[in-house]
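Participant: okay, here's the prediction I keep looking at, along with the sequence it came from:
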Amino acid sequence: MIGAPLKPLEENGKRRDSTSSIDASTCTVQETMASGDNFLAGLSRVEQPARQLTIVTMSHAEHMGLIFPNWVRLCYRRGPMEYTPYDMNMPPKLVPRPPLHYKFDPPLTERGHIVAETYGRGLISHGVRPYEIFCSPDMKSVQTAAGVVKGLGLSFTSINIEPALMSYRQMLPARYHEMLLSPKTFFGLGYPINTQYIPLRGGIVPSENIESYNFRIQSFFNERIAKIEQKYVIVISDNVMVDISQNIRIDTVDDILKSTRKHTCQRNFISLQKGEAHLLQDPVMPLTKSLYCVKPFYWSEVPLKLSVPNHPELNQN
C-alpha cells in the first residue's frame with residue numbers, strides 16, 4: 001500500500017528552507033560555505049540529473065552504550081573474549097572483537113534492531129524504494145541500515161559504507177579507524193553491503209575542526225547524493241548529520257552535544273531537483289516508546305543500582 005505523496009513543510013510565517021536558482025551551474029562546497037549559505041541552499045545549486053530526488057536522512061537506532069553504560073566491563077567480566085549478556089535487550093551473540101573496540105563502536109540493542117526494521121516498513125508503506133543506502137562505518141549505523149533494508153523488503157537495496165558520514169572526529173579516539181569492521185567483514189556476516197563501493201575520500205580523517213566537519217558532510221551530499229539518478233536514497237549516520245540536513249547550525253561542541261542528546265532514529269525528508277531543495281513533512285507514523293522510559297544521558301548522576309537494574313553483582317545477597 002502506497003501512502004499519500006510527500007508534502008512540503010508549511011512555512012508558518014517563517015523563512016522557507018529552500019532556494020531557487022534555476023539553470024545554475026555546479027557550485028563548489030568551498031564557494032557555498034564562503035558565501036554563508038545554509039545546507040539546503042548549497043545542495044540546490046549543485047548540477048544534477050533531471051529528476052526529483054527524495055532524500056531521507058536518519059540517525060542510528062538505540063545502541064548498547066546508550067542504554068547500558070557499563071556493558072563492556074560487565075559483559076566481558078569472565079574474559080576479553082567471553083561475551084555474556086545479562087539483559088534480554090542485549091544481543092545474544094557478538095562478533096569476537098577486543099572489548100575496547102566495542103566500547104567506542106557499540107552494536108545496537110535488540111530493541112534497536114526491531115525499531116530499525118519497523119521504520120523500514122514505514123518507509124516502504126509510503127513508496128520509498130531506494131536502490132542505495134549510505135551509512136557511516138560505525139557498527140550502530142551499519143546495523144541500522146541493515147534493519148531498514150530488512151523492513152523495506154526490497155531485494156535490490158544495498159548499503160554503501162561511507163567514512164565521510166562518520167561522527168565529528170574530535171569526539172572519537174585517535175585510533176578509531178582501527179576499531180571499525182571493514183565492509184567485507186560486514187558482508188561476510190550477512191549484511192547487504194556493496195563491497196564494490198568506493199568511498200568519497202577513501203579513508204577516515206585523523207583530525208578536524210567543526211568547520212571542517214560541516215564541510216565534510218556538505219561535500220558528501222553535494223558530490224554523491226545530489227548526483228544520484230534514482231528517485232529515493234537513504235542516508236544514515238548520527239543526529240548531528242540529520243540536524244545539519246535540516247539547516248540547523250553546528251558551530252560549537254555544545255551544538256554537537258545538544259544533537260547527540262536527541263532521541264534515536266531522528267528522520268528528515270528532503271526534496272531535491274534542479275535549482276531547488278526543501279524540507280518535506282515526515283510521512284511515517286510516530287513510534288511510541290514503551291511506558292518504562294529511562295533517561296540515558298546523565299548516568300554519572302544515577303546510582304549504579306538504578307542505572308543498571310539487572311547488574312549481576314548487585315543481585316547477590
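Facilitator: On my side now, so go ahead. Numbers count the residues shown, from 1 in each chain.
Participant: where does this structure dip in pLDDT?
Facilitator: Scanning the chain for pLDDT under 70 picks out 1-7, 9-36, 202, 290-317.
Participant: hey, where'd the strands end up in it?
Facilitator: Along the chain, counting by DSSP state E, strands occupy 53-59, 132-135, 158-161, 232-237, 267-273, 276-280.
Participant: would you list these in JSON lines and tack on distance to Ile204 and mean neighbour count?
Facilitator: The C-beta positions use only the backbone N, C-alpha and C, and glycine is treated the same way. Below are the strands of the chain laid out as JSON lines (distance: least, C-beta to C-beta, whole Å; neighbours: other C-beta atoms under 10 Å):
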{"stretch": "strand 53-59", "distance to Ile204": "19", "mean neighbour count": "24"}
{"stretch": "strand 132-135", "distance to Ile204": "14", "mean neighbour count": "25"}
{"stretch": "strand 158-161", "distance to Ile204": "11", "mean neighbour count": "23"}
{"stretch": "strand 232-237", "distance to Ile204": "13", "mean neighbour count": "26"}
{"stretch": "strand 267-273", "distance to Ile204": "24", "mean neighbour count": "21"}
{"stretch": "strand 276-280", "distance to Ile204": "28", "mean neighbour count": "20"}
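Participant: using CSV, lay out the ones you listed together with distance to Leu100.
Facilitator: Output for those, formatted as CSV (distance: least, C-beta to C-beta, whole Å):
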stretch, distance to Leu100
strand 53-59, 24
strand 132-135, 23
strand 158-161, 21
strand 232-237, 23
strand 267-273, 32
strand 276-280, 40
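Participant: and Ala41, which of these is closest to it?
Facilitator: With C-beta to C-beta as the criterion, Ala41 lies closest to strand 276-280 of these, at 7.4 Å.
Participant: report the distance from that closest one to the chain centre.
Facilitator: Put simply, strand 276-280 sits 20 Å off its chain's centre (C-alpha atoms, centre = their mean, to the nearest Å).
Participant: how about stretch 188-197?
Facilitator: Distance, centroid of stretch 188-197 to centroid of chain: 18 Å (C-alpha atoms, centre = their mean).
Participant: buried residues in that stretch?
Facilitator: For stretch 188-197, the neighbour count (16 or more other C-beta atoms under 10 Å) marks 191-194 as buried.
Participant: with adjacent residues omitted, what lies nearest to Gln48?
Facilitator: Ala226 (4.8 Å; C-beta to C-beta, 6 or more residues apart in numbering).
Participant: whoops, Tyr131 was the one
Facilitator: Ranked by C-beta to C-beta, 6+ apart and with sequence neighbours excluded, the top spatial neighbour of Tyr131 is Gln230, at 5.2 Å.
Participant: separation between the residue nearest the centre of the chain and Gln273?
Facilitator: Among the residues of the chain, Ser237 comes closest to the average C-alpha position under C-alpha atoms, centre = their mean, at 2.0 Å. Ser237 is 23 Å from Gln273, where distance means C-beta to C-beta, to the nearest Å.
Participant: ok, Thr264 next?
Facilitator: 30 Å.
Participant: same thing with Leu279?
Facilitator: From Leu279 to Gln273 the distance is 14 Å (C-beta to C-beta).
Participant: for Ile114, same thing?
Facilitator: 35 Å.
Participant: cool, and Thr57?
Facilitator: 17 Å.
Participant: for Ser44, same thing?
Facilitator: With distances taken as C-beta to C-beta, Ser44 is found 9 Å from Gln273.
Participant: cool, and Ile133?
Facilitator: Taken as C-beta to C-beta, the span from Ile133 to Gln273 is 21 Å.
Participant: all helices of the stretch 101-250 of the chain, in order?
Facilitator: Remark: helices assigned in the stretch 101-250 of the chain by DSSP state H, counting those that start in this stretch are 110-124, 139-152, 183-188, 210-223, 239-245.
Participant: any idea which of those helices is most buried?
Facilitator: Neighbour counts (mean count of other C-beta atoms under 10 Å) averaged over each of these peak at helix 139-152, with a mean of 26.
Participant: could I get the buried residue list for stretch 75-82?
Facilitator: By neighbour count with 16+ other C-beta under 10 Å, stretch 75-82 contains the buried residues 75-76.
Participant: for that stretch, list the C-alpha coordinates in CSV.
Facilitator: The C-alpha coordinates for stretch 75-82 follow below in CSV (Å, rounded to 0.1, in the frame of the first residue of the first chain):
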residue,chain,number,x,y,z
CYS,A,75,29.5,-8.4,29.8
TYR,A,76,33.2,-9.3,29.5
ARG,A,77,33.9,-9.9,33.2
ARG,A,78,34.8,-13.5,32.5
GLY,A,79,37.4,-12.7,30.0
PRO,A,80,38.2,-10.5,27.0
MET,A,81,36.7,-13.0,24.5
GLU,A,82,33.8,-14.2,26.6
